[in-house]
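Asks: Need coordinates for the following:
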Amino acid sequence: MGFEKERGSSSHGLQVPEEASSSSPLLLPGHPDAGRPLSSQPKTFANVFIAIVGAGVLGLPYAFKRTGWVAGSLMLLVVAALTYHCMMLLVRTRRKLELDVGFSKIASFGDLGLAVSGPAGRLAVDAMIVLSQAGFCVSYLIFIANTLAHLYNGSDDGDSSSSSSSSLLLSGAGHLFLGLQPKFFYIWGMFPFQLGLNSIKTLTHLAPLSIFADVVDIGAMGVVMVEDVALYLQRQPPLRAFGGLSVVFYGLGVAVYAFEGIGMVLPLESEAADKAKFGRTLGISMGIISLMYALFGVLGYFAFGEDTRDIITTNLGKGLLTELVQLGLCINLFFTFPLMMNPVHEVVERTFAGKRFCLWLRWALVLGVTLVALLVPNFADFLALVGSSVCCVLGFVLPAWFHLKVFREEMALWGITLDLGIMILGIVFAVSGTWSSLVEILSIKS
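Replies: Modelled structure (predicted):
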C-alpha cells in the first residue's frame, strides 16, 4: 500500500522511549509468543470482517429512514472510506517507526501511542480502547440475552413504536423466574463458554470461529434482505431520498458506530502472514462490508418505510424466520465477543503481566464485563455516549495526529492539510455526537 515509498532517513525528532526499546518484542526469538502461527489472507479477511461487523448494522435501516436512503448510503460510503484511510494511517505509521526510527515491535494501538506521544499517548489510547471495546462487548451480551428472553420467555410486543422495541431489547423483557429476569440466566449461561473462548491465545486460533460467525451473520442478513425485497414489492411505501441537514450528524454517528474495530487493526496486521498484502485484504473487506451495509440499510427502509424501527429485526414480527434470523445474529455476536476483547486483554496483560498471556486476568475481565451487563440494564445510553466521543477520537483524530507527527517532515502541503482536516472532522463528529447523546439521555430522564 505504498509503504516502501514512505520510508526515509529522518527520525523526525522522535525518541525511542525506554519502555518501548527495552520491552521484549512479541515476535523475537525467546519471547513466549515467538513462533506463534500467523494468519493467511483468508483468515485475516475473516477476522477483519467479524471485527468490523457488529450490532450497529441493525440500526442502519432506521438511520436511512431519518436521513433518506440516498443521503444515508452516501454518508455510509464516505465514513467507510475515511475509516479505511485512518486504519492504513495507523499501519503505515507503525511500519515507519519500526523500520526507520528503531522501535523493536509496536504490537498495538497503545504501543503506537507510546512511540509517538510517550506515556501520556499510551495512557490516552489504552483508556479509550478499553472503554470502547469492553463497551461493545457489554452491548453484545445485553443484546443476546434480551433477544433470547424475547424469543423464549414471552413479552408484550403490542406497541409497534421504535421506542418500545428499544426498551424491549434493553430491559430483558419476559416473565420473572425466582424473582430474576430471564436475561440474568442467559448472561450467566454464556459466562463459562466465554471464559473458554477468551482463553484462546491468538487471533489466528480464533479465525475458524470468525469464519463460522461470518457465515452465520451473512446468512442471517441475507434472509432479512430477501424478506425486505418481498415486503417492498407488496407494500411499496413512500420513501425519502434526503432527510435534511438536521439529521446529518445523526446519520454520520450511526455510520461511525457501524464500522467499529479500529482497535483491532494493528493486532490483526501483526498476525498477518503476508503483511505486504494486508492493506489490500483490509480494503477488500471494507469494500464488501460497505456494500453489504448499504444494501441492508436501503432494503430495510424500502420494506417498511416510515414504520421502520430502530432495530430492524423487530419489524419482522414473530415466526420461524424471525427466530432463525435473530438466533443467527446472536451467534455472530457471541463469537465476536472474544475477538473484540482481544485489545482489552492486550492492554491489561501488558500493564500487569509484562505482555505475557495471563489466563486469570482474562477471566477476571470477562467476569467484569459480565457484571456490567447485568448491573447496567439500560446500557444503550452510555454506549452511545462513549461511542460518539471515544470512537470518533480513536477512529479519526488519533490516527491522523500520529501520522502527521511521524511523517510531517516529508509530507506535501496537501498531505498535511488532509491530516489536519481529518482531525478537525473527527473532533466535530465527537463533539456533536456527544452533545446529541447527552440531549437524548437528559430528555429521557426528564
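Asks: Listing request: residues of the protein with sub-threshold pLDDT.
Replies: Within the chain, the ranges that satisfy pLDDT under 70 run 1-37, 54-55, 101-104, 154-180, 203, 314, 376-387, 437, 440-446.
Asks: so what's the residue most central in space within it up against?
Replies: Taking CA atoms, centre = their mean, the centroid of the chain lies closest to E260, which sits 2.2 Å from it. Shown in contact with E260 (CB atoms under 8 Å, 6 or more residues apart in numbering): 51-52, 54, 56, 132, 136, 340, 391. Placement of C-beta: from N, CA and C, glycine included.
Asks: Helices of the stretch 1-150 of the chain, residue ranges please.
Replies: Remark: helices assigned in the stretch 1-150 of the chain by DSSP state H, counting those that start in this stretch are 18-22, 41-52, 60-67, 69-96, 109-152.
Asks: Just say which of those is most tucked in.
Replies: helix 60-67 (a mean of 26; mean count of other CB atoms under 10 Å).
Asks: which residues are in contact with that helix?
Replies: In contact with helix 60-67 (CB under 8 Å, 6+ apart) are residues 72-73, 75-76, 162, 240, 242-243, 247-248, 250-251, 254-255, 258, 293, 296-301, 303-306, 308-312, 315.
Asks: which of the residues you listed are buried?
Replies: Burial by neighbour count, 16 or more other CB atoms under 10 Å: within the contacts of helix 60-67 this picks out 72-73, 75-76, 162, 240, 243, 247, 250-251, 254-255, 258, 293, 296-301, 303-305, 308-312, 315.
Asks: Inside helices: which ones of those residues?
Replies: Of those, the ones assigned to helices by DSSP state H are 72-73, 75-76, 162, 250-251, 254-255, 258, 293, 296-301, 303-304.
Asks: any idea how far A353 lies from A364?
Replies: Distance, A353 to A364, using CB to CB, to the nearest Å: 12 Å.
Asks: cool, and Y232?
Replies: For Y232, the distance to A364 (CB to CB) stands at 48 Å.
Asks: try G317
Replies: The gap separating G317 from A364 is 41 Å, by CB to CB.
Asks: Please identify which of the two sits among more neighbours.
Replies: Neighbours were counted for G317 and for A364 using other CB atoms under 10 Å; A364 has more, 13 against 10.
Asks: And the host helix or strand of that one, how far out from the chain middle?
Replies: Using DSSP states H and E, A364 maps to helix 359-375. Centre-to-centre, helix 359-375 and its host chain are 19 Å apart (CA atoms, centre = their mean, to the nearest Å).
Asks: got the angle for it vs helix 109-152?
Replies: Interaxial angle, helix 359-375 versus helix 109-152 (axes from the mean of the first three to the mean of the last three CA atoms, to 10 degrees): 50 degrees.
Asks: Could you list the residues in contact with helix 359-375?
Replies: Helix 359-375 has contacts (CB under 8 Å, 6+ apart) with 134, 137-138, 141-142, 145, 183-184, 187-188, 190-191, 194-195, 198-199, 341, 344-345, 348-349, 352-353, 379.
Asks: K105 reaches R95, doesn't it?
Replies: No: when contacts are counted by CB atoms under 8 Å, K105 is not listed as touching R95 (11.6 Å).
Asks: got a list of what A430 touches?
Replies: Neighbour list for A430: 388-389, 392-393, 397 [criterion: CB under 8 Å, 6+ apart].
Asks: now, which of these lie within helices?
Replies: C392.
Asks: Pick the one among the contacts of A430 closest to F407.
Replies: V397 (16.3 Å; CB to CB).
Asks: Distance of the closest one relative to M264?
Replies: Counting by CB to CB, the gap from V397 to M264 is 18 Å.
Asks: residue contacts, V130?
Replies: Applying CB under 8 Å, 6+ apart, we find V130 in contact with 343-344, 347-348.
Asks: Of those, which is the nearest to H205?
Replies: The closest of the contacts of V130, once distances to H205 are taken by CB to CB, is P343, at 16.4 Å.
Asks: which strands and helices sit next to whichever strand or helix holds the closest one?
Replies: For P343, the host element (DSSP H and E) is helix 320-352. Applying 3 or more CB pairs under 8 Å, 6 or more residues apart in numbering; DSSP states H and E, one finds that helix 320-352 makes contact with helix 41-52, helix 109-152, helix 182-197, helix 203-235, helix 265-270, helix 359-375.
Asks: okay if I get those as a markdown table plus distance to G415?
Replies: A markdown table is the format used below for the helices and strands packed on helix 320-352 (distance: least, CB to CB, whole Å):
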| stretch | distance to G415 |
| --- | --- |
| helix 41-52 | 26 |
| helix 109-152 | 17 |
| helix 182-197 | 42 |
| helix 203-235 | 31 |
| helix 265-270 | 20 |
| helix 359-375 | 39 |
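Asks: Looking at these, which is nearest to I289?
Replies: Evaluated with CB to CB, those place helix 41-52 nearest to I289, the distance being 5.7 Å.
Asks: got the angle for the closest one vs helix 248-258?
Replies: Going by the same axes, to 10 degrees, helix 41-52 is angled at 140 degrees with respect to helix 248-258.
Asks: when you give positions from now on, start the count at 234
Replies: All set: I'll call the first residue 234, so the last point we hit is now helix 274-285.
Asks: Good, we can wrap up now.
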